[in-house]
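Student: one predicted model, sequence on top.
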Number of protein chains: 4
Amino acid sequence: MAGTEVRTAPEVAETVPQRLLAAATRLFAEHGFETTSVQQIVDAAGVTKGAMYHYFGSKDDLLHEIYARLLRVQTARMEQEAAGDSPVADRLHAVAADVVATTAANLDDTVIFFRSMHLLHPDKRAEVRAQRRRYHERVRALIEEGQAAGVFRADEPAELVVDFFFGSVHHLGTWFRRDGELTGEQIGEHFADLLLASLRP
Amino acid sequence: MAGTEVRTAPEVAETVPQRLLAAATRLFAEHGFETTSVQQIVDAAGVTKGAMYHYFGSKDDLLHEIYARLLRVQTARMEQEAAGDSPVADRLHAVAADVVATTAANLDDTVIFFRSMHLLHPDKRAEVRAQRRRYHERVRALIEEGQAAGVFRADEPAELVVDFFFGSVHHLGTWFRRDGELTGEQIGEHFADLLLASLRP
Amino acid sequence: MAGTEVRTAPEVAETVPQRLLAAATRLFAEHGFETTSVQQIVDAAGVTKGAMYHYFGSKDDLLHEIYARLLRVQTARMEQEAAGDSPVADRLHAVAADVVATTAANLDDTVIFFRSMHLLHPDKRAEVRAQRRRYHERVRALIEEGQAAGVFRADEPAELVVDFFFGSVHHLGTWFRRDGELTGEQIGEHFADLLLASLRP
Amino acid sequence: MAGTEVRTAPEVAETVPQRLLAAATRLFAEHGFETTSVQQIVDAAGVTKGAMYHYFGSKDDLLHEIYARLLRVQTARMEQEAAGDSPVADRLHAVAADVVATTAANLDDTVIFFRSMHLLHPDKRAEVRAQRRRYHERVRALIEEGQAAGVFRADEPAELVVDFFFGSVHHLGTWFRRDGELTGEQIGEHFADLLLASLRP
DNA sequence: AATGAATGAGTTTTCATTCAT
DNA sequence: TATGAATGAAAACTCATTCAT
């Protein structure tokens, strides 16, 4: 599937804030948020500190923007897949496969997400959490729809199934390699198959 | 199942290193490794910095010991469960349910584990990684055993199934609450059921 | 001889790095490198620690710069004196008298030099050593020139004579007093006389 | 000349204080006084900190004892040589050659001496200085004796000649190597020759 | 829009020394 | 005689952020 990746080649041309965001993403994923200094970010982006503070209020803002960007992309894609009028099992399969592929394609963002959420300012963190919860709820609704229709087994709480599945997805960052045996799309197929299989009545 | 928790009430009596480890675990889980100062740890443990550096070479060592402790406990329990002579499906179910319960019982350690691994000194990190890999491999062997016996479907790579399942387990830290609706044991049953269901031929 | 001193009144106006270097030189000479804290240096220079680390990478760098500065001055002067076309004995006498005077004029630097070289980072130390060796070699060449010409006795190894003489010079720091009976220039004359006398065939 | 060295093989058998002193001497010479920790010393000596503080009041005491030991040896040897009834030129030559050889034989002590004197407690430092001054004065008396007798030139202040010569000697530590071309005794001969030559009327 | 010198509060770590045993 | 756990004060260094230009 084309266009799963949020951005293209980083640190070339583009605008200053884009270069900064790209540099920050790469460095945060590689060394961690706390271990990356603002100096390192601006050096990598080829600008100075003053420039960074011109576009971003703080180092924290950079982190928040990375989160917001990822959530925007994933939410948009998911809502499109979930809203179709094919059978619910097919739609859940498509959503599941796609979130895996998108996650793999934006692995840096995901790695940062689950590693550094606790470092975000409480207000911004609450905002991000709320957005993510909406995402989860939309997927839970799909499962409940299938359970109500008798297509999925009803003896497993839908909420738990969502946590079960997204746990797997969010943990991709610890083992997925872009140069590994399977592509993100292939893993998405497998994960979606496993999910659907576990829901067979 | 009784005794899933590694230690009892923290910061009381016990030895100085134990108190330090308990305080560090709680604080790292609550505020993050980088955001917790050595001063905060020793204050919480009721000792001085000198005492800490008498027992631990560095703040990093504290982190490493938390990892080693969790891995010791989980590996020991898993190996016992996996080695039984009941049917492979039963053994996998027991292992799966138990790792979930143990993880829930030692949630702080788990949260720290996946959030802060990247901050560990490379040498120690390699050590921890190797130990964790052995753990994964043992579980994969169990799945392969079931696949060879025709009890589990063989069209899903065992390796991928392990990553799928442990992703879910390791992500417990982001949503499990001790005072939530379900206990760690109950969640363990559900997760084990889902795993086994997804492996039905 | 005028202008033997490297710098003028310390800690006034000038640039921040100059003020830092002047303060560090004085304090290192007075209390020793290890016994002088960075805080003391920046207090004496009237700046903050951050400012110091803006200009110097480390406390070590300060030490290194003191060495480099002294070597630059002495090397430049010596090469000029040695290159003249007066008789070799006259040139050696001039070089010898001058190095004594320069050393006396920059006594703090010299004291620090021989007391704290071993505390310098190995890489920087090697650099300083190499530079000093070139200095020695130039002087040895002068002696050998005189020996070849029959002006100096040839039964004493030139290398040893250099070590003999520079030992005396470098030790000025332990006994020379600016308010003593003899000026640096006067001592330089005496030392040069003694050197030349010891080389009489 | 035999017996120029103060002690024999270090760190074997001997008494605990001797082992401590030997270890401290070696470490101070190698890494510097401030850079050597008490822990390193007791480790090298194979004892514990408690033991060290049983025999020595402080780390400073160790340094002081190293100084006292060297001064005792050199003073004793020098007084013996100076007191003979051979011609004054011969006696000065013997004293000069001997102090070089002794210094070379106890190079660690000498290196420490001139590098770390300023770190000694003021009281102890004053004591050491006084003792060293007496040493210088005895040698100066020898030179004055020769000048009065017309054997040495009288146009160079005896005091300055002493500083000139001892500077060379005390700086041996920066270049003398036990495995170099010349032995300490050979260098002693050369240095004594140079000294006497420079004093020829 | 952008610079970069300067701040100041904070960090981890070291270490000589003490003292109950 | 000797141990080694524990202290407490001080050290070097870092870094997000500000601000005059």
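Tutor: Yes, it's here. Values in this document were obtained by computation on a predicted structure and should not be read as measured data.
Student: let me see the contact set for the residue nearest to A:R19 when sequence neighbours are not counted.
Tutor: For A:R19, the nearest residue in space outside its immediate sequence neighbours is A:A45; the separation is 4.4 Å by C-beta to C-beta, 6 or more residues apart in numbering or on different chains. C-betas here are computed from N, CA, C, even on glycine. With contact set as C-beta atoms under 8 Å, 6 or more residues apart in numbering or on different chains, A:A45 has these partners: A:11, A:16, A:19-20, A:22-24, A:52.
Student: of these, just the buried ones, PyMOL syntax please.
Tutor: Here is the PyMOL command that picks out the buried ones among the contacts of A:A45, judged by 16 or more other C-beta atoms under 10 Å in any protein chain shown:
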select buried, chain A and resi 19+20+22+23+24+52
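Student: list just the nearest of the contacts of A:A45 to chain B.
Tutor: The shortest approach to chain B among these belongs to A:A24, at 15.7 Å (C-beta to the nearest C-beta).
Student: quickly find the element holding that closest one.
Tutor: helix A:16-31 (DSSP states H and E).
Student: quick one: list the elements packing against that helix.
Tutor: With contacts defined as 3 or more C-beta pairs under 8 Å, 6 or more residues apart in numbering or on different chains; DSSP states H and E, the packing partners of helix A:16-31 are helix A:38-45, helix A:49-55, helix A:59-82, helix A:107-116.
Student: now the residue nearest to A:D163 when sequence neighbours are not counted. Its backbone dihedrals?
Tutor: Across the structure, with C-beta to C-beta, 6+ apart as the measure, the residue nearest A:D163 apart from its sequence neighbours is B:W175 (5.5 Å). Here the main-chain torsion angles of B:W175 (degrees, to the nearest 10) amount to phi -140, psi -20.
Student: quick check: B:W175 touching A:V162?
Tutor: No. B:W175 lies out of contact with A:V162 (C-beta atoms under 8 Å); the separation is 9.7 Å.
Student: and the two? which has more neighbours close in?
Tutor: The residue with the greater number of neighbours, taking B:W175 and A:V162 and applying other C-beta atoms under 10 Å in any protein chain shown, is A:V162; the counts read 22 against 14.
Student: just confirm A:V42 contacts A:H54, I think it does.
Tutor: No. Using C-beta under 8 Å, A:V42 and A:H54 do not qualify as a contacting pair, with a distance of 11.2 Å.
Student: which of these two has more neighbours?
Tutor: Set side by side, A:V42 and A:H54 show unequal neighbour counts under other C-beta under 10 Å, the larger going to A:V42 at 20 against 12.
Student: residue contacts, the more buried one?
Tutor: Taking C-beta under 8 Å, 6+ apart as the contact definition, A:V42 lies against A:20, A:23, A:48-49, A:51-52.
Student: which one of the contacts of A:A45 sits closest to DNA strand E?
Tutor: Distance to DNA strand E, by C-beta to the nearest atom of the strand, is smallest for A:V16 among these, at 4.8 Å.
Student: now for the lengthiest helix in chain A, which elements pack on it?
Tutor: The single longest helix within chain A, with elements called by DSSP state H, is helix A:122-148. Applying 3+ C-beta pairs under 8 Å, 6+ apart, we find helix A:122-148 packed against helix A:59-82, helix A:88-105, helix A:158-170.
Student: give the rounded mean pLDDT of it.
Tutor: The pLDDT scores in helix A:122-148 average 93.
Student: can you pull the buried residues of it?
Tutor: Residues of helix A:122-148 classed as buried under the neighbour-count rule (16+ other C-beta under 10 Å) are A:124-125, A:127-128, A:132, A:135, A:138-140, A:142-147.
Student: what of stretch A:68-84?
Tutor: Within stretch A:68-84, the residues that qualify as buried by neighbour count (16+ other C-beta under 10 Å) are A:69-71, A:73-74, A:77-78, A:81-82.
Student: any weak-confidence spans in chain A?
Tutor: Across chain A, the stretches falling below the confidence threshold (pLDDT under 70) are A:1-13.
Student: quick one: the helices and strands packed on helix A:16-31 as TSV, columns for distance to D:A94 too.
Tutor: Compiled in TSV, those are given as follows (distance: least, C-beta to C-beta, whole Å):
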stretch	distance to D:A94
helix A:38-45	65
helix A:49-55	69
helix A:59-82	73
helix A:107-116	76
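Student: out of those helices, nearest to DNA strand E?
Tutor: For DNA strand E, the closest of these is helix A:49-55, at 1.4 Å, according to C-beta to the nearest atom of the strand.
Student: is the closest one in proximity to DNA strand E?
Tutor: Yes. With C-beta under 7 Å from any atom of the strand as the measure, helix A:49-55 is seen reaching DNA strand E through A:49-51, A:53-55.
Student: please enumerate residues in contact with that helix?
Tutor: Surrounding helix A:49-55, the residues in contact under the criterion C-beta under 8 Å, 6+ apart are A:16-17, A:20, A:38-39, A:41-42, A:45.
Student: now with 7 Å, please.
Tutor: Taking C-beta atoms under 7 Å, 6 or more residues apart in numbering or on different chains as the criterion, the residues outside helix A:49-55 that touch it are A:16-17, A:20, A:38, A:41-42.
Student: ok, stretch A:58-74 next?
Tutor: A:6, A:21, A:24-25, A:33, A:38, A:56, A:99, A:102, A:106, A:109-110, A:112-113, A:116, A:120-121, A:124, A:128, A:131-132, A:135.
Student: mind running it again at 8 Å?
Tutor: A:6, A:20-21, A:24-25, A:28, A:33, A:38, A:41, A:56, A:99, A:102-103, A:106, A:109-110, A:112-113, A:116-117, A:119-121, A:124, A:128, A:131-132, A:135.
Student: does that stretch reach DNA strand E?
Tutor: No. Looking at stretch A:58-74 against DNA strand E by C-beta under 7 Å from any atom of the strand, there are no contacts, and the closest approach is 12.9 Å.
Student: now that stretch - C-alpha only, CSV.
Tutor: Taking Å, rounded to 0.1, in the frame of the first residue of the first chain, the C-alpha atoms of stretch A:58-74 are listed here in CSV:
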residue,chain,number,x,y,z
SER,A,58,10.1,24.5,23.9
LYS,A,59,11.8,21.1,23.5
ASP,A,60,8.5,19.7,24.8
ASP,A,61,6.6,21.2,21.9
LEU,A,62,8.7,19.3,19.5
LEU,A,63,7.7,16.1,21.2
HIS,A,64,4.1,17.1,21.2
GLU,A,65,4.1,17.9,17.6
ILE,A,66,5.6,14.4,16.8
TYR,A,67,2.7,12.9,18.7
ALA,A,68,0.1,15.1,17.1
ARG,A,69,1.4,14.3,13.6
LEU,A,70,1.3,10.6,14.1
LEU,A,71,-2.2,10.6,15.6
ARG,A,72,-3.5,12.8,12.8
VAL,A,73,-2.3,10.3,10.2
GLN,A,74,-3.4,7.2,11.9
